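Predicted coordinates and the sequence they were generated for:
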Amino acid sequence: MYNNKLKVIMMPVIIALAIVLGMFINSLFSRNPIVGGQQGGGFLPVQGSKLDMIMNMINYSYVDTVDIKKIEEEAIPLLIKDLDPHTVYIPAKDMPRVNEEMAGNFGGIGVQFYKYRDTVMVVKVVPGGPSEQAGIQDGDRIVKVNDTIVAGRKMDTDKIMKMMRGEIGSEVKLTIVRHGEKEPIVKDIVRGTIPVKSVDVAYMADDTTGYVKVKVFGMNTYNEFVAALDTLQKQGMKRLIVDLRWNEGGILPIAIRMINEFLPDQKLILYTQGKASPRVDYNSNGKGKYQDLPISVLINELSASASEIFAGAIQDNDRGVIIGRRSFGKGFVQEQRPLPDGSALRLTVARYYIPSGRLIQKPYDQGKEKYYNDLNERLLHGEFEQKDSIHFDEALKYQTVGGRTVYGGGGVMPDLFIPADTVGGSRYLNQLDRTRTMYEYAISFVDQHRAEMKGIKDYKQLLKYLDKFNLVDGLVAYAEKRGIKPDAKGIRTSRSIMDITVKSFIGLFVLDDDGFYPIYGLKDNTLEKALGSSSVVTLEQD
């Protein structure tokens, strides 16, 4: 009883002493020395980097309230600015866009649209997508998205796109105007999974040659690629052209799987190595279905990363012929590391080396500005027009498996150089291109003749139909109404390019990529040379 009473009496005293002692200890650690005549305050962490300390000082002790998140967003790019050109910070708001192509799909309604004369026109409805199921048709004009008017307003195309995209299963309401209908039509559309193609097109370029254009190496690219090859093989393919022009890369393991289809067992595809990353070799497994199929690979100055790995592995193993112009020169292994707020750091962790031992990566030691200006320097130097303008460093000489000489120093140099096609260029053509007049004329033409072209199934049928029209004269008249004065000399010089470009765009709006690329390819000098050359490598003789 006595002990219990004593505990009751003493407990408040003990608690009070504990509080005082705690306050005293805290004061010892929270008092900062006098700096510059001013006494500091707040908590100064005793662990962590200098950057951590400064961020905490600002957050807890600065005189005014600050947006610490904003400071972080502005500071991170400065932290990495002196690293290699391809280590980048990706803000959370940009992550959906960045991941779409790689993931191979997004949540949306399944339409391609174009802001045409202040009207949002449905150019193409994705077959089998939510919009087609809801009854949206090619040529429909979208006037409202939900309750927001989009017609007759200066509204950014990206903003309209964001309004249409969204979480799979959510709804969006479109108000449309359709030819032949007196009143606007309201459609409720449930957003679905919209595939993003990474293989733009696959078709027989001639009786024996299959052509496949790969836009990016994404999650679904391998499956799309082998499905295309299987289809072409059934159509009589005896050799293959893989077009990697303008392909900036993507997921390395996907590219490796695709290369594996063409190589015999235990052939080196590439190896990677870095300061914290020991050498890792990637070899073929001998299970490829197309090990004996003659192959040519098309590249240009914008073929980068995984595209260069593909071309380099084919070249260094003497497996096929590389055609076009020297590739970009991006040979870094990057890991995209997520951050807690949904952003990410794409960090360079190693370098790519193709089988001969060549480093694909071009130099970047003179700063990022010079690095990214490299393509312009190549242009001014004449590299896009003359193979002889390229001077190789003899110290960077390598050998392919068969003993052919190849050079390092950045990018992959093709076996067959094809200069940039400048024939047919004119100031008038540049004006049409800059103002997107050819594109919009094609939209206008399709809009007028949509019913007549409804039964067209392939590009050959389309070309036969278009032969009835003088598209160039129609384009010139359309351009004049838009304020572009006719230029007789320019029209004469660029007539063939204007004709094929308009036909290609019409093909795009009628048959999607299956219409665009085969028609555009009729005036593609690189593809023309590839079709006329052998896909079999001739090895150098001793």
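Okay, I see it. Numbering: from 1, shown residues only.

Residue ranges in the stretch 1-150 of the chain under the pLDDT threshold?
Residue ranges of the stretch 1-150 of the chain with pLDDT under 70: 1-47, 101.

Could you rerun that using 80?
1-48, 97, 99-105, 116-118 (pLDDT under 80).

mind listing the helices for it?
Ranges of helices in the stretch 1-150 of the chain, per DSSP state H, counting those that start in this stretch, are 2-30, 50-61, 68-80, 95-103, 130-134.

thought Ala442 was touching Ile500?
No - contact criterion Cβ atoms under 8 Å: Ala442 and Ile500 do not qualify, at 11.7 Å. Quick note: C-beta positions are derived from backbone N, CA and C, even for glycine.

more crowded one of the two?
The neighbour comparison of Ala442 against Ile500 (other Cβ atoms under 10 Å) goes to Ala442, with 24 against 18.

Now the more buried one: closest residue in space that isn't a chain neighbour?
Phe505 (3.4 Å; Cβ to Cβ, 6 or more residues apart in numbering).

Distance check, the one you found against Leu522.
With distances taken as Cβ to Cβ, to the nearest Å, Phe505 is found 14 Å from Leu522.

mind listing what the residue nearest to Ala442 touches?
Taking Cβ atoms under 8 Å, 6 or more residues apart in numbering as the criterion, Phe505 is in contact with Met438, Tyr439, Ala442, Ile443, Phe516.

and which of those residues is nearest to Gln334?
Comparing the contacts of Phe505 against Gln334 with Cβ to Cβ places Phe516 closest, at 31.3 Å.

What average pLDDT does whichever strand or helix holds the closest one get?
Phe516 is located in helix 513-520, with elements delineated by DSSP states H and E. Helix 513-520 shows a mean pLDDT of 96.

That one packs against which elements?
Judged by 3 or more Cβ pairs under 8 Å, 6 or more residues apart in numbering; DSSP states H and E, helix 513-520 is in contact with strand 199-204, helix 459-466, helix 488-511.

next structured bit after it?
helix 525-532.

quick one: that following helix to helix 513-520, angle?
80 degrees (axes from the mean of the first three to the mean of the last three Cα atoms, to 10 degrees).

ok, and the helix or strand in the protein with the lowest average confidence?
Least confident helix or strand, the chain: strand 34-35 with a mean of 40, by mean pLDDT, DSSP states H and E.

Okay, buried residues for stretch 496-513 please.
If you call a residue buried by 16 or more other Cβ atoms under 10 Å, then stretch 496-513 has these buried ones: 497-513.

Quickly note the distance from the residue nearest to Ala442 to Met438.
6 Å.

Val150 now?
For Val150, the distance to Met438 (Cβ to Cβ) stands at 25 Å.

Same question for Gln366.
39 Å.

Tell me which of those two has more neighbours.
Ranked by neighbour count (other Cβ under 10 Å), Gln366 and Met438 place Met438 first, with 21 against 9.

And the helix or strand where Ala313 lies, what does it pack against?
Using DSSP H and E, Ala313 falls within helix 306-316. Secondary-structure packing of helix 306-316 (3+ Cβ pairs under 8 Å, 6+ apart): helix 252-260, strand 268-274, strand 295-299, strand 321-324.

Go again with 10 Å.
Secondary-structure packing of helix 306-316 (3 or more Cβ pairs under 10 Å, 6 or more residues apart in numbering; DSSP states H and E): strand 209-214, strand 239-243, helix 252-260, strand 268-274, strand 295-299, strand 321-324, strand 344-353, strand 405-407.

Now tabulate these in a markdown table and tack on mean pLDDT, mean neighbour count and distance to Leu232.
Shown next, in a markdown table, are the helices and strands packed on helix 306-316 (pLDDT from 0 to 100; neighbours: other Cβ atoms under 10 Å; distance: least, Cβ to Cβ, whole Å):
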| stretch | mean pLDDT | mean neighbour count | distance to Leu232 |
| --- | --- | --- | --- |
| strand 209-214 | 98 | 24 | 4 |
| strand 239-243 | 98 | 24 | 7 |
| helix 252-260 | 96 | 21 | 15 |
| strand 268-274 | 95 | 19 | 23 |
| strand 295-299 | 98 | 28 | 12 |
| strand 321-324 | 97 | 26 | 18 |
| strand 344-353 | 93 | 19 | 29 |
| strand 405-407 | 92 | 17 | 29 |
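
I'd like those as a markdown table, with distance to Gly490 appended.
Shown next, in a markdown table, are the helices and strands packed on helix 306-316 (distance: least, Cβ to Cβ, whole Å):
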| stretch | distance to Gly490 |
| --- | --- |
| strand 209-214 | 30 |
| strand 239-243 | 30 |
| helix 252-260 | 42 |
| strand 268-274 | 47 |
| strand 295-299 | 29 |
| strand 321-324 | 28 |
| strand 344-353 | 44 |
| strand 405-407 | 40 |
